[in-house]
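Asks: Any chance you could fold what I've pasted below:
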Amino acid sequence: IAARHKNMDAVWQKAVAIAPKFTAAASAVGSAVCCHLILRRLRGGSKKNRTYLRLILGMSMCDFTASAAWFLTTWPIPRGTPGVYGAVGNQQTCSAQAFFAQFSLSTVMYNGSLALYYVLIIVKGWSDHEIVRIEPFLHAHAIAWGLGTGLAGLGLTLFNQVGWDCWISAAPLGCQESWNSPDGTTTCVRGDNGSLYQWAFYYAPLWIVIALVSLMMSWVYHTVRRQEEAMRKYTPGGGRRARRNVSNYKRIRTQASCNVGAFFITWFFPTIFQLVLVSSNNLLLPLLFLTALFVPIQGLLNLVVFLRPTYIKYRRIHLDENEGALTAWFQMMYQEIVKGEDAASQTTTHRQTSNDLPPNAASKWSTVPTGRRREANAHAEDGGGREEDDDDDDDDEEWGGAGRSDEVPEGSDSDFDAEEGALGRKAD
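Replies: Next up, the predicted model:
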């Protein structure tokens, strides 16, 4: 493996040194935008799903730190390192890069915290007030992993170059580590037993979180399915509240799946790379390239997922404008970020002031696409309550969090009714 690192041709050296800069830069920008939007909403005094927003905020801050470190790629690696393109640093810059990149482990743990949040909201029916009591633990647990392993890595001199950046590794690459030596001696100058620490300080926690997140999301999915079936069984005639709850279940499940999907996309190629490396002791350069390219990308994916509900509402209100999907996305982003407006909040104003709409233009239902109306009608035999249902859709989708909040002002029709509880516990 060390020989393949040193003997990489110039094309591969440049590829693994340059390509990750684009995804890391996009991820850092995405995380920064997420932080800006969430802080603005929190300062605005919104009482909806504040725990969800703060979890995404913590995840974005940690991801920004790691993405900024990954953007540097080979620059911090000590100058003159064989097989590395663009190395202009020293051991101190290498250790600093690896320390901040280690906060990506905090991002991993925040993904676990977010999955737990969805379980508590959807499966256990916790209210926001109940979740707030354990929220400090969710943040502390995530940050402690990144900060703790980072400080331990500095103390154990584990941070060294690994080909495209600096991370946990024995130095020089390919040295004899004491755990794998017959007499317990080592030829490593720094980071003895680095390969073991990679597992202890990163891959083992990462794969445990991947497994737990998969189990928790399966739990959420099957819970939602059961709740949908219960609603149809006990309220066969439909009814406004039942239809609204069934619709909420689907929105919550979709947003949760998108959050977890961003996590899985980020770590798919790194997981395959490590499995191949461990099982065959073979360094596949294409997998190394894909690993370097995808590891820094989660911040960008988080932004897309976070703004997905706002984008859906923006498209719904601008049905009469022949905008392409990409054009509409950037227009929505412009209103959200540059103009400092809530792009989704323009829906009501637009609908009520347009002279081109039918007399019932004040009804949000009138602007919903035909296919979506048909889906909603499948849950109801009567024709009432459409406006109220669509109001719920707007409110819940904007935040992308749970469908229930005890902090919603009294009389609000935007979330689950307080007496019904989270996810239709009456139906159970």
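Asks: Can you pull out the low-pLDDT segments for the chain?
Replies: 1-8, 46, 234-249, 320-321, 339-428 (pLDDT under 70).
Asks: all strands for it, in order.
Replies: In order along the chain, the chain carries the following strands (DSSP state E): 159-161, 166-168.
Asks: strand partners of the first one, parallel vs antiparallel please.
Replies: Just to be clear, that refers to strand 159-161. In the sheet containing strand 159-161, its partner strands are strand 166-168 (antiparallel), by DSSP bridges.
Asks: Pull the residues that contact the partner strand.
Replies: Residues external to strand 166-168 that are found in contact with it (C-beta atoms under 8 Å, 6 or more residues apart in numbering): 76-77, 94-95, 97-98, 101-102, 153, 158-160, 162, 191, 194, 197-198, 201-202. All C-beta atoms are positioned from the backbone trio N, CA, C, and that covers glycine.
Asks: swap the cut-off to 7 Å and go again
Replies: The contact list for strand 166-168, computed with C-beta atoms under 7 Å, 6 or more residues apart in numbering, reads 76-77, 94-95, 97-98, 101, 153, 158-160, 194, 197-198, 201-202.
Asks: which one of the residues you listed sits closest to residue 37?
Replies: Minimum separation from residue 37 among those (C-beta to C-beta) is found for residue 101, which lies at 24.8 Å.
Asks: mind listing what the closest one touches?
Replies: Listed by C-beta under 7 Å, 6+ apart, the contact set of residue 101 reads 66, 69, 70, 165, 167.
Asks: want to throw the residues you listed into JSON lines with distance to residue 218?
Replies: Output for those, formatted as JSON lines (distance: C-beta to C-beta, whole Å):
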{"residue": "66", "distance to residue 218": "28"}
{"residue": "69", "distance to residue 218": "33"}
{"residue": "70", "distance to residue 218": "31"}
{"residue": "165", "distance to residue 218": "34"}
{"residue": "167", "distance to residue 218": "32"}
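Asks: before we move on, back to that, narrow the contacts of strand 166-168 to just the buried residues.
Replies: The neighbour count (16 or more other C-beta atoms under 10 Å) marks 76-77, 94-95, 97-98, 101, 153, 158-160, 194, 197-198, 201-202 as buried among these.
Asks: Nearest to residue 337 among these?
Replies: Relative to residue 337, the closest of the buried ones among the contacts of strand 166-168 is residue 101; by C-beta to C-beta it sits at 26.8 Å.
Asks: count of neighbours near residue 88?
Replies: Neighbourhood size, residue 88 [other C-beta atoms under 10 Å]: 12.
Asks: what are the phi and psi angles of it?
Replies: Residue 88 adopts backbone torsions of phi -130, psi 10, taken as degrees, to the nearest 10.
Asks: between the buried ones among the contacts of strand 166-168, which is nearest residue 26?
Replies: residue 101 (16.5 Å).
Asks: could you list every residue that touches the nearest residue in space to residue 295 that is not next to it in sequence?
Replies: Nearest-residue entry for residue 295: residue 270, 5.6 Å, with adjacent residues in sequence omitted and distances by C-beta to C-beta, 6 or more residues apart in numbering. Neighbouring residues of residue 270 by C-beta under 7 Å, 6+ apart: 291, 294, 295.
Asks: which ones are touching the closest residue to residue 221 other than its chain neighbours?
Replies: Take residue 221 and drop its neighbours on the chain: the residue closest to it by C-beta to C-beta, 6+ apart is residue 253, 6.3 Å away. Residue 253 sits next to 220, 221, 224 when contact means C-beta under 7 Å, 6+ apart.
Asks: For residue 83, see how far away residue 295 is.
Replies: In this structure, residue 295 and residue 83 are 20 Å apart, going by C-beta to C-beta, to the nearest Å.
Asks: Between these two, tell me which one has more neighbours.
Replies: More neighbours surround residue 295 than the other of residue 295 and residue 83, with 25 against 18 (other C-beta under 10 Å).
Asks: Wait, residue 336 touches residue 37, no?
Replies: Yes. Applying C-beta atoms under 7 Å as the test, residue 336 and residue 37 come out as touching, 6.4 Å apart.
Asks: ranges for the helices of the stretch 151-300 of the chain?
Replies: Assigned by DSSP state H, counting those that start in this stretch, the stretch 151-300 of the chain shows helices spanning 194-198, 204-234, 240-280, 285-294, 298-317.
Asks: Between helix 240-280 and the fourth one, find me the angle.
Replies: Same thing as helix 285-294. In terms of direction (axes from the mean of the first three to the mean of the last three C-alpha atoms, to 10 degrees), helix 285-294 departs from helix 240-280 by 140 degrees.
Asks: Determine the set of other helices and strands touching helix 285-294.
Replies: Where contact means 3 or more C-beta pairs under 7 Å, 6 or more residues apart in numbering; DSSP states H and E, helix 285-294 is packed against helix 10-43, helix 240-280.
Asks: now residue 297: how far from residue 265?
Replies: 7 Å.
Asks: can you list contacts of stretch 300-307?
Replies: Around stretch 300-307, the neighbours that count as contacts under C-beta under 7 Å, 6+ apart are 26-27, 30-31, 33-34, 56, 59-60, 63, 258-259, 262, 265-266, 400.
Asks: whoops, stretch 59-71 was the one
Replies: Taking C-beta under 7 Å, 6+ apart as the rule, stretch 59-71 contacts 20-21, 24-25, 27-28, 31-32, 34-35, 97, 100-101, 103-104, 106-107, 110, 146, 165, 295-296, 298-299, 302.
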